[in-house]
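Visitor: can you look at this prediction? I've put the sequence above it.
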Amino acid sequence: MRVVVDQDLCGTSGQCVLTLPGTFRQRESDGVAEVCVATVPQALHAAVKLAASQCPVAAIRVIESDAGDDEPGSADPPPSPLEAERHAARDQRHPGGHDGTV
Amino acid sequence: MDVQAATAVCRDAFAELASPACLHDPYPFMRWLREHDPVHRSASGLFLLSRHADILWALKATGDAFRGPAPGELARYFPRAAASLSLNLLASTLAMKNPPAHTRLRRLISRDFTMRQIDDLRPSIARIVAARLDGMAPALERGEAVDLHREFALALPMLVFAELFGMPQDDMFGLAAGIGAILEGLSPHASDPQLAAADAASARVKAYFGGLIQRKRTDPRFDIVSMLVGAHDDDADTLSDAELISMLWGMLLGGFATTAATIDHAVLAMLAYPQQRHWLQGGAVGVKAFVEEVLRCDAPAMFSSIPRIAQRDIELGGVVIPKNADVRVLIASGNRDPDAFADPDRFDPARFYGTSPGMSTDGQIMLSFGHGIHFCLGAQLARVQLAESLPRIQARFPTLALAGQPTREPSAFLRTFRALPVRLHAQVS
């Protein structure tokens, strides 16, 4: 697995650095995040996906294989009415994030 | 009060949030909104989102489905903008900018707010915390009541800012006195006298920062203002003096009252739930969990203060938000949405134990710092101030108790206090 930060998109919140300080760092010059590992070790796969889902501007992209462009950090559609109904019907918590990521 | 009966139809949630019942406890009304009117259209035309999922989506979609008002549109979204200095200053802050200008300005300031820079401030924050607690100790030990809000919660972020901005402490205390008035003036339902008071305070802040910028230009030091003056001089056409003043004004508004409110709420949580104090004694991970839960339970800025303007018609929960509508999000309600945080009115730091800051063990986002491109610049600075304060308060004053009812600030926007009187319990011998 590889992970990349879209540096045009990065909002410099530093959230990824807080989540995984060994994997991400912030550039001194402007606070933009960068990845400091070539590949993500197996043990951190879940944590990196979590960091990607938590990025406030969805600037972190996880690439599962060398060929794939999995999980693009694109804008979500608004929560659909159907989803809102399910949402209302549920009286307990979500299993994961609203956008399907965990 | 029976909230559901009283608000079978809610004409204007912003007005309701300013009612005495909501100032006392806004959370029953927020629950009503989530359940009955989650995409609320107020009498004035503003929309207000109150469900966690919708809020998170709108925050993420800012810069895409939503934008800030263009300079030419200011009068449309702020009818009194032309005459108001505060609204004009607000219009040039980072929070109102759209990409790419936003991106560039944010990066200019971000270099002083990287996680590493904030971490470097820890020792100096710890020193200020210890000095303030030392200052309160004699009166407390004599059995007197001390106003923790003024003496500690408000003083700490002010002193930290004075250091960051390279300002004398007395100057900072003088400026900070006007912040409450400015925040009230910016509320969507501010009266004309409130706006006038805000403008008077903003004029003082603007004049002071104008002078400070000149001083830092001739005598730069290692502080944010000197750094921004430098960036400004290299690149005059993208960061004007006016923008620089707005940026500092915005940091002043965003930074203090919110941090102070959260320190107040944290101390109240320590006093209300003594069985949860163990989180503050078990090292950084426990402290972090406690801090995040305080932030979730009582978001200091209850709703977003800046317009998010719909770029197109947006359907949300069966309601069409028309293009160009001004959409606000009720952050404090999202944090109490049972779909995101089970049993949301219960104070339970375990929700945030061992997670990255701002995310629950269920992978849910705590909304108090926002999300998306306007994510709070000072989030980590606030967290460090809280984390350095709470264990020290606990260790220094283990018998701290309320000395009277806290006095709330009567604000629909900022959930905070005017006074938080505390004393030490008499030692039983």
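Guide: Good, I have the coordinates.
Visitor: quick one: low-confidence ranges for the stretch 201-350 of chain B?
Guide: Low-confidence segments of the stretch 201-350 of chain B, defined by pLDDT under 70: B:231-239.
Visitor: how does it look with 90?
Guide: Counting by pLDDT under 90, the stretch 201-350 of chain B contains low-confidence ranges at B:222-244, B:247, B:253-256, B:282, B:305-306.
Visitor: which residues of it lie near chain A?
Guide: For the stretch 201-350 of chain B, the residues found near chain A under the criterion C-beta under 8 Å from any C-beta of the partner chain are B:314, B:315, B:316, B:317, B:318, B:338, B:339, B:340, B:341, B:342. For every residue, glycine as well, the C-beta is placed using N, CA and C.
Visitor: type out the PyMOL command that picks the buried ones from those.
Guide: A single PyMOL command is used to select the members of those judged buried by 16 or more other C-beta atoms under 10 Å in any protein chain shown:
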select buried, chain B and resi 314+316+317+338+339+340+341+342
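Visitor: including distance to residue B:16 and secondary structure, could the residues of the stretch 201-350 of chain B next to chain A go into JSON lines?
Guide: Written out in JSON lines, the entries for these read as follows (distance: C-beta to C-beta, whole Å; DSSP: H, G, I helix; E, B strand; the rest coil):
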{"residue": "B:314", "distance to residue B:16": "24", "secondary structure": "strand"}
{"residue": "B:315", "distance to residue B:16": "25", "secondary structure": "strand"}
{"residue": "B:316", "distance to residue B:16": "20", "secondary structure": "strand"}
{"residue": "B:317", "distance to residue B:16": "19", "secondary structure": "coil"}
{"residue": "B:318", "distance to residue B:16": "22", "secondary structure": "coil"}
{"residue": "B:338", "distance to residue B:16": "21", "secondary structure": "coil"}
{"residue": "B:339", "distance to residue B:16": "22", "secondary structure": "coil"}
{"residue": "B:340", "distance to residue B:16": "23", "secondary structure": "coil"}
{"residue": "B:341", "distance to residue B:16": "23", "secondary structure": "coil"}
{"residue": "B:342", "distance to residue B:16": "26", "secondary structure": "coil"}
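Visitor: ok, the residues of the stretch 201-350 of chain B next to chain A vs residue B:256, which is closest?
Guide: The shortest separation between residue B:256 and any of these is 27.1 Å, and it belongs to residue B:341 (by C-beta to C-beta).
Visitor: for the closest one, which residues are in contact?
Guide: Taking C-beta atoms under 8 Å, 6 or more residues apart in numbering or on different chains as the criterion, residue B:341 is in contact with A:93, B:52, B:296, B:335, B:351, B:360, B:362, B:364.
Visitor: just the ones in helices from these, please.
Guide: B:52, B:296 (DSSP state H).
Visitor: quick one: residue A:79 and residue B:318 touch, right?
Guide: No. Under the contact definition of C-beta atoms under 8 Å, residue A:79 does not touch residue B:318, with a separation of 10.9 Å.
Visitor: which single residue of chain A ends up nearest chain B?
Guide: When distances are taken as C-beta to the nearest C-beta, chain A approaches chain B most closely through residue A:31, which lies 3.0 Å from it.
Visitor: that residue: what secondary structure?
Guide: The local conformation at residue A:31, judged by DSSP: H, G, I helix; E, B strand; the rest coil, is coil.
Visitor: distance of it from residue A:60?
Guide: Taken as C-beta to C-beta, to the nearest Å, the spacing of residue A:31 relative to residue A:60 amounts to 15 Å.
Visitor: and residue B:47, what's its pLDDT?
Guide: With respect to pLDDT, residue B:47 scores 97.
Visitor: how about it, what does it touch?
Guide: With contact taken as C-beta under 8 Å, 6+ apart, residue B:47 is in contact with B:39, B:40, B:41, B:321, B:325, B:326, B:327, B:328.
Visitor: just the ones in strands from those, please.
Guide: Mapping the contacts of residue B:47 onto strands (DSSP state E) picks out B:39, B:40, B:41, B:321, B:326, B:327, B:328.
Visitor: skipping its backbone neighbours, what lies nearest the third one in space?
Guide: Once its chain neighbours are removed from consideration, residue B:41 has its nearest residue in residue B:47; the separation is 5.5 Å (C-beta to C-beta, 6 or more residues apart in numbering or on different chains).
Visitor: can you name the residue of chain B nearest chain A?
Guide: Taking C-beta to the nearest C-beta, chain B has residue B:110 as its residue nearest chain A, at 3.0 Å.
Visitor: quick check: phi and psi on the closest residue to that residue other than its chain neighbours?
Guide: Spatial nearest neighbour of residue B:110, excluding adjacent residues (C-beta to C-beta, 6+ apart): residue A:31 at 3.0 Å. Backbone torsions for residue A:31, taken as degrees, to the nearest 10, come to phi 80, psi 0.
Visitor: how much space separates residue A:31 from residue B:72?
Guide: 30 Å.
Visitor: then residue B:195?
Guide: From residue B:195 to residue B:72 the distance is 21 Å (C-beta to C-beta).
Visitor: ok, residue B:147 next?
Guide: For residue B:147, the distance to residue B:72 equals 46 Å [C-beta to C-beta].
Visitor: neighbour count for the ones in strands among the contacts of residue B:47 - can I get that in TSV?
Guide: Output for the ones in strands among the contacts of residue B:47, formatted as TSV (neighbours: other C-beta atoms under 10 Å in any protein chain shown):
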residue	neighbour count
B:39	21
B:40	22
B:41	19
B:321	23
B:326	22
B:327	24
B:328	23
